[in-house]
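**Q** sequence and computational prediction follow.
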Amino acid sequence: MHQPQKGHMEAVMRIIRYLKGTTDQGITFKENKQLEIKGFTNADWGGAKDNRRSTAGYFTMVGGNLVTWRSKKQKVVALSSAEAEFRGIVRGITEVLWLKKLLTEFGFPPTIATEIMCDNKAAIQISENPVQHDRTKHIEIDRNFIKEKIDTGIIKLPFIRSKLQLADVLTKAVPWSHLTTCLSKLGFGNPTTQPEGECDKWEAKLSGFELSTVQPATQRHGLVLDALCGSYGYPDPAYLRSGGVSHKSDVYSFDNGDWTFLSKLVKSHYEKGTLNDIIHPGLLNQMDSQALNVFSEVAYCCLNDQRAQRPSIERVIFALEQALKHQLSRVNSERQVEGISTNYWKLS
């Protein structure tokens with residue numbers, strides 16, 4: 001950099017801001033009972049504006065955990081998107097072969113073909129078709145290498161939709177929602193953050209409800225496709241049926257937590273008007289009746305299986321604030337009778 005310009009300084013500052021803003025980010029490795037290898041490969045086509053070379057990248061996962069990844073500009077110009085994908089697939093396959101050999105040396109030889117996920121149908125069809133194509137003569141070695149690994153059962157090359165292709169983030173700029181979704185599936189985030197709905201110390205906390213806090217109000221009716229995940233009973237039932245989530249999914253999970261059986265029991269008694277029968281008498285005597293009514297009504301609405309019938313997170317918070325006001329009003333009245341200052345009960 002003999003003659004640094006303003007553009008270079010802006011680029012450096014952007015890198016520094018990124019590094020400073022992601023100091024708490026990392027990859028979480030979870031224990032699994034299998035060591036299946038899976039790869040995601042992708043390539044853009046002529047993405048480099050200066051020389052029109054393509055960028056290819058791959059992720060490889062073992063037992064559902066991310067272990068290796070790479071993103072690199074190809075050395076030659078690709079004449080088609082299929083050609084760019086071919087070269088990307090070859091790099092992904094060589095990485096998978098190395099991982100298979102490594103696991104075998106550790107005493108865990110893979111027994112099934114490894115899936116290399118690709119979102120280019122043309123590349124998949126040419127790889128599986130033994131007929132020579134005029135348009136792929138110049139990449140015949142790559143094509144035959146891929147075909148050989150498919151025929152011997154070492155790899156499989158299934159098609160995956162572009163919106164589910166995790167390697168997209170390695171080859172091009174993607175929307176923020178897609179980026180965060182891919183990073184979540186890859187186990188990338190803050191390793192010290194406790195999973196949603198889990199709290200060892202039984203402390204009330206709100207965390208992980210990204211859609212309700214980040215998604216703009218103008219986009220709240222849209223769905224964000226994601227892989228099915230979460231503790232049993234915690235995710236939105238509509239999410240489990242369709243694979244799509246919205247901010248109303250956060251509302252359901254916020255109210256339900258992991259208490260699947262308990263939530264069904266409460267809903268049943270609420271509908272029958274016998275909710276008081278399952279509340280401990282000592283606790284019931286401390287509750288304000290209006291606060292209990294507001295709280296139970298909003299909880300019941302949050303657990304509705306139909307998303308459209310659930311309240312927004314703003315309405316939930318407003319209702320909880322009203323329930324709190326009713327309860328504090330009763331508490332303050334009782335304290336005044338006992339001669340204790342109400343300032344003790346004011347929220348800080």
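**A** Great, that's in hand.
**Q** just the helices in the stretch 151-300 of the chain please.
**A** 176-185, 210-214, 237-242, 247-256, 260-272, 281-284, 289-302 (DSSP state H, counting those that start in this stretch).
**Q** could you tell me the least trusted of those helices?
**A** The weakest mean pLDDT among the helices of the stretch 151-300 of the chain belongs to helix 210-214, with a mean of 45.
**Q** the spatially most central residue of the chain and Leu66, how far apart?
**A** The residue lying closest to the centre of the chain (CA atoms, centre = their mean) is Ser184, at 3.6 Å. Applying CB to CB, to the nearest Å, the value for Ser184 to Leu66 is 12 Å. Bear in mind the C-beta positions are built from the backbone N, C-alpha and C, glycine included.
**Q** distance from stretch 176-189 to the middle of the chain?
**A** 5 Å (CA atoms, centre = their mean, to the nearest Å).
**Q** buried residues in that stretch?
**A** 177-178, 180-183, 185-189 (16 or more other CB atoms under 10 Å).
**Q** stretch 320-331 too?
**A** Buried residues in stretch 320-331 (16+ other CB under 10 Å): 323, 326-328, 330-331.
**Q** now, these that are in helices?
**A** 323, 326-328, 330-331 (DSSP state H).
**Q** the domain parsing of the protein - what is it?
**A** 29-185, 205-345 (automatic domain parsing).
**Q** lowest average pLDDT across the ones you listed?
**A** Looking at these, the bottom one is domain 205-345 with a mean of 67.
**Q** closest one of the ones in helices among the buried residues of stretch 320-331 to Leu97?
**A** Ala323 (60.0 Å; CB to CB).
**Q** doesn't Ala291 make contact with the closest one?
**A** Yes: Ala323 lies in contact with Ala291 (CB atoms under 8 Å); the separation is 4.4 Å.
**Q** let's verify Gly107: helix, strand, or coil?
**A** Under DSSP: H, G, I helix; E, B strand; the rest coil, Gly107 falls in the coil class.
**Q** typo on my end, it should be Lys75
**A** Classified using three-state DSSP, Lys75 is coil.
**Q** show me the contacts for it.
**A** By CB atoms under 8 Å, 6 or more residues apart in numbering, the contact list for Lys75 reads Arg53.
**Q** ok, now how distant is it from Gln322?
**A** On the measure of CB to CB, Lys75 and Gln322 end up 65 Å apart.
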